[in-house]
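Visitor: just to be clear, the model below is a prediction. Sequence and coordinates:
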Amino acid sequence: MNKLKLIIQHEYMTIVGKKSFIIMTILIPFLLILLMFFPILLKYINDKTDSSEMRVAVIDRSHNYGGAFKDNGRYRFELMEGDSMNKTYDIYKKAADRVDAIMVIPTDVLESQQVELFSEKTLDESTVMYLNQCLTDTLSKAKIASFHDPDLADKIAQSQVDVVIKSKKWNENGEEQEQSATIASVIGIVLAFLTYTFVLSYGAMIMNSVVEEKTNRIVEVIVSSCRPMELMMGKIIGVGLVGLTQFAIWVVLMGIAMGVLGFMGVGSDTASQASTVAMNMPETESTAASLMAAIAGINWFSLLGNFILYFVGGYLLYASLFAGFGSAVDQASDSSQFTMPIILIMMVALYAGIGCMSNPNGPMAVWCSIIPFTSPVVMMVRLPFDVPWWQLLLSIVLLFGTALGCIWLSARIYRTGILLYGKKRSFKEIIKWIR
Amino acid sequence: MNFIDVNSVVKQYDGHLALDHVDLHVPQGCIYGLLGPNGAGKTSLIRIINRITRADSGTVLLNGREMRQDDIANIGYLPEERGLYKKIKVADEIVYLARLKGMPKALAVSEMEKWLERFDLTEWRDRKVEELSKGMQQKVQFITTVIHRPQLLIFDEPFSGFDPVNAEQLKREIMQLRDEGATILFSTHNMASVEEICEQITLINHARVVLEGSVAHIKQQHKQNLFVVNVAGDEKVEPQQGLFDVVPSDDVRGTLIKLKAGVTLHDAIAHLNERHSLTGITEKLPSMNEIFIETVQNK
């Protein structure tokens, strides 16, 4: 037992003491945030730098709606004469040096609601949308006008309905709490993704560490001092504690970030005040407030507790497999034949999790959250949606049972694998070692 | 009293017999050579003795009783394929491995300092292992093997990778450990070092013990009635029908003769004294190298 403690300590300190660990732990949240804003940033940069102007010629055979198009920084319009005798292509050819596309508005546009747009190059989506929007606005105004009712426009505007559903749920005391399916889904998928990334990256870390010990032959020295099982478990637990440490640091960082944001006045002071404030606030601000209220409505204690439970179970299961198979290879580069199947199963779990977002209590979600190989990821998606306790219990028992089974299997592979060098091993051979 | 008794140990891997009823008896306080060509089964036997693997059948006794798992704290093992964690500091590495062998931390630290001093490595204590030269890494590995003062030391090719100066220091250290009471099992191909430091040997070939006993005794057993004869002046010793042949040899000073069967040394000397003025005659015992090659090739 003392040796196990010593090995755990050694494995833990070797990773946590590295500069790269400290840097990555602090850097990763920022990288993630950057990644989230990257598309927005790209679009911003794209819009700023795209100075090319789109020139559209309009042949208005209705003689009514040619004025629907307004020039702006990106588009310039030009009315053009052209009767139906002339081919549009010929007209375009003559003006090709100053025109990129030609739009033809037919005489019966109000009834047919169709126009034609010609160009040599494929036009992008935003251009078509802009043209459509200009024309739709003008045409609907013309339609309204055609009824000769001066109040019609007002009536239509007033008859626009946009229903807002504020969903609330009762807590055990019957008090109302704001809830949001969207927020629950987002939290679920974030946790699922976190589990997926953690298990894979820390599993790979274990595998590398096993292969490294084998490659530089220290493993023979170590197993002459302790049992192979102690070494394997020490490694798995040590690296797992590193994962939890990293997670804890992120929770603290997140708490600090939230605190700073709160201090700067984003959202409201405390989440509990948020729901009362929400009722008196104008619409835009109340969205932010109800968001905060919905976040506050989630039972974070049980959510995080379960997350850690599943994280530990899933980690033990996969990490032991990584350790077992890692012991069967001599070089990290040979390991892919064994890691591929594990990664595939994890990916299935992640996609099942994403698939379950829309229906977190459907049969697929229920089954995948009970099967131990997918449950650590899929259950994360379901957790914010109040899973029946018996499903939770069954799933956790199965997960930990399977994890113990995998540890047992891997330990048997490991104790043989670490001492064998030379040729590549097949799955068949490894199964022989278990016996 | 034997410190280790390996009795009729059998080990099989995947249909390949690695050890076939092997016996090994190592007396307490002895430097014992475990010899054999590559693939003979030495490493398999060593791994069984330090409980890395189990024998399929047979027993290993330590000090007369069946070995237990906690006995490994009393063994120091230097494997042929050296291995250290490369990315951690020399001091941390030594202390970690010492503590794995059951040493309390404070003692491990103080012993580590002593050993580093002894091997002139003190200034390297806070460097990473990968920054050390190969020779220095070998020394660190040696320290990790002996720091917990085990009663049994198993060295697999301990001199490989050492320059002659360091090899000499290592040899002195091994001798001193023996003098302090440790029993040393020494696996090697280097027959010169066997002659120099081993008192007894066991030779394994094709999974079986083919030769065992004290080095002196084995040499006597394998002697081939060869003598180096020195005579005064430039006289040439000729072969003598019925008494001896002359064996051409470059590596002796004098003439190498081989006595015929049944001929005594006395007869040969009498004959030589008649013909020449004999200045010296010494028996040439076979080297362990010759015995090794002969034994392995004859099987």
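Guide: Arrived safely, thanks for sending.
Visitor: what's the domain layout of chain B?
Guide: With domains defined by automatic domain parsing, chain B comprises B:2-83+B:143-214, B:222-298.
Visitor: just the ones you listed: most buried one?
Guide: Among these, ranked by average contacts under mean count of other Cβ atoms under 10 Å in any protein chain shown, first place goes to domain B:2-83+B:143-214 (a mean of 18). In this view, the C-beta of every residue, glycine as well, is placed from N, C-alpha and C.
Visitor: ok, and does that one reach over to chain A?
Guide: Yes: applying Cβ under 8 Å from any Cβ of the partner chain, one finds domain B:2-83+B:143-214 touching chain A at B:14, B:47, B:50-53, B:69, B:72-73, B:75, B:77, B:79, B:81-83, B:144.
Visitor: from those residues, pick the one nearest chain A.
Guide: Chain A has its nearest neighbour among the residues of domain B:2-83+B:143-214 next to chain A in B:G83, at 3.1 Å by Cβ to the nearest Cβ.
Visitor: what residues does the spatially closest residue to the closest one that is not a sequence neighbour make contact with?
Guide: Leaving aside its chain neighbours, B:G83 sits nearest to A:R217 (3.1 Å; criterion: Cβ to Cβ, 6 or more residues apart in numbering or on different chains). With contacts defined as Cβ atoms under 8 Å, 6 or more residues apart in numbering or on different chains, the neighbours of A:R217 are B:P79, B:E81, B:R82, B:G83.
Visitor: redo the residues you listed as a markdown table? Include distance to B:E168, secondary structure and pLDDT.
Guide: Putting these into a markdown table (distance: Cβ to Cβ, whole Å; DSSP: H, G, I helix; E, B strand; the rest coil; pLDDT from 0 to 100) gives the following:
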| residue | distance to B:E168 | secondary structure | pLDDT |
| --- | --- | --- | --- |
| B:P79 | 22 | coil | 89 |
| B:E81 | 24 | coil | 81 |
| B:R82 | 19 | coil | 81 |
| B:G83 | 24 | coil | 84 |
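Visitor: could you say which helix or strand holds the most centrally placed residue in chain B?
Guide: For chain B, the residue sitting closest to the mean C-alpha position, by Cα atoms, centre = their mean, is B:G33 at 3.5 Å. Per DSSP states H and E: B:G33 is located in strand B:31-35.
Visitor: now that strand: mean pLDDT?
Guide: Here strand B:31-35 scores 92 as its mean pLDDT.
Visitor: that one - contacts with which helices or strands?
Guide: Helices and strands touching strand B:31-35, by 3 or more Cβ pairs under 8 Å, 6 or more residues apart in numbering or on different chains; DSSP states H and E, are helix B:42-49, helix B:164-179, strand B:183-188, helix B:191-197, strand B:200-205.
Visitor: ok, it: who's next to it in the sheet?
Guide: Here strand B:31-35 has these sheet partners by DSSP bridges: strand B:183-188 (parallel), strand B:200-205 (parallel).
Visitor: just want the angle from that strand to helix B:42-49.
Guide: 130 degrees (axes from the mean of the first three to the mean of the last three Cα atoms, to 10 degrees).
Visitor: what's the angle between strand B:31-35 and helix B:164-179?
Guide: Using the same axes, to 10 degrees: strand B:31-35 against helix B:164-179 is 120 degrees.
Visitor: who in chain A is up against chain B?
Guide: Going by Cβ under 8 Å from any Cβ, the residues of chain A near chain B are A:3, A:6-7, A:10, A:14, A:213, A:216-227, A:419, A:432.
Visitor: which of the residues you listed are buried?
Guide: Buried members of those, scored by 16 or more other Cβ atoms under 10 Å in any protein chain shown, are A:3, A:6-7, A:10, A:14, A:213, A:216, A:218-227, A:419.
Visitor: now, which of the residues you listed lie within helices?
Guide: In helices, defined here by DSSP state H, the members of these are A:K3, A:L6, A:I7, A:H10, A:T14, A:E213, A:I218, A:V219, A:E220, A:V221, A:I222.
Visitor: look up the pLDDT of the fourth one for me, please.
Guide: This points to A:H10. pLDDT for A:H10: 93.
Visitor: the nearest residue to it once chain neighbours are set aside: neighbouring residues, count only.
Guide: Nearest residue to A:H10 in three dimensions, chain neighbours excluded: B:Y96, at 5.5 Å (Cβ to Cβ, 6+ apart). Counted with other Cβ atoms under 10 Å in any protein chain shown, the neighbours of B:Y96 add up to 22.
Visitor: other SSEs contacting the strand or helix carrying B:Y96?
Guide: Following DSSP H and E, one finds B:Y96 within helix B:90-100. With contacts taken as 3+ Cβ pairs under 8 Å, 6+ apart, helix B:90-100 sits against helix A:2-16, helix A:218-222, helix B:105-118, helix B:134-146.
Visitor: hey, which of these is tucked in deepest?
Guide: Neighbour counts averaged per stretch over the helices and strands packed on helix B:90-100 are highest for helix A:218-222, at a mean of 23; criterion: mean count of other Cβ under 10 Å.
Visitor: so which elements touch that one?
Guide: Helix A:218-222 packs on helix B:90-100, going by 3+ Cβ pairs under 8 Å, 6+ apart.
Visitor: tell me who's in contact with A:I342.
Guide: For A:I342, the contacting residues are A:G203, A:Y318, A:L321, A:F322, A:F325, by Cβ under 8 Å, 6+ apart.
Visitor: do you know the pLDDT at the fourth one?
Guide: We note a pLDDT of 92 for A:F322 in this prediction.
Visitor: which of the helices or strands spans it?
Guide: Assignment of secondary structure by DSSP H and E places A:F322 within helix A:300-326.
Visitor: name the helices or strands packed onto that helix?
Guide: The contact analysis (3+ Cβ pairs under 8 Å, 6+ apart) places helix A:300-326 against helix A:181-215, helix A:228-263, helix A:336-356, helix A:375-382, helix A:389-417.
Visitor: ok, 6 Å please
Guide: The contact analysis (3 or more Cβ pairs under 6 Å, 6 or more residues apart in numbering or on different chains; DSSP states H and E) places helix A:300-326 against helix A:181-215, helix A:228-263, helix A:375-382, helix A:389-417.
Visitor: mean pLDDT for those - can I get that in JSON lines?
Guide: Output for these, formatted as JSON lines (pLDDT from 0 to 100):
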{"stretch": "helix A:181-215", "mean pLDDT": "87"}
{"stretch": "helix A:228-263", "mean pLDDT": "87"}
{"stretch": "helix A:375-382", "mean pLDDT": "89"}
{"stretch": "helix A:389-417", "mean pLDDT": "92"}
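Visitor: let me know which of those helices is tucked in deepest.
Guide: For these, the highest mean count by mean count of other Cβ under 10 Å goes to helix A:375-382, at a mean of 30.
Visitor: what pLDDT is listed against the residue in the stretch 101-250 of chain B positioned nearest to chain A?
Guide: Ranked by Cβ to the nearest Cβ, the top residue of the stretch 101-250 of chain B for proximity to chain A is B:K101, at 5.2 Å. Looking at B:K101, its pLDDT is 91.
Visitor: give me the nearest residue to it, chain neighbours excluded.
Guide: Counting by Cβ to Cβ, 6+ apart, the residue nearest B:K101 is B:H148, at 4.2 Å.
Visitor: any weak-confidence spans in the stretch 51-200 of chain B?
Guide: Of all residues in the stretch 51-200 of chain B, none has pLDDT under 70.
Visitor: list the contacts of A:G353.
Guide: Counting by Cβ atoms under 6 Å, 6 or more residues apart in numbering or on different chains, A:G353 touches A:A192, A:V377, A:V378, A:V381.
Visitor: which one of these sits closest to B:A167?
Guide: Nearest to B:A167 among the contacts of A:G353 is A:V377, at 56.9 Å by Cβ to Cβ.
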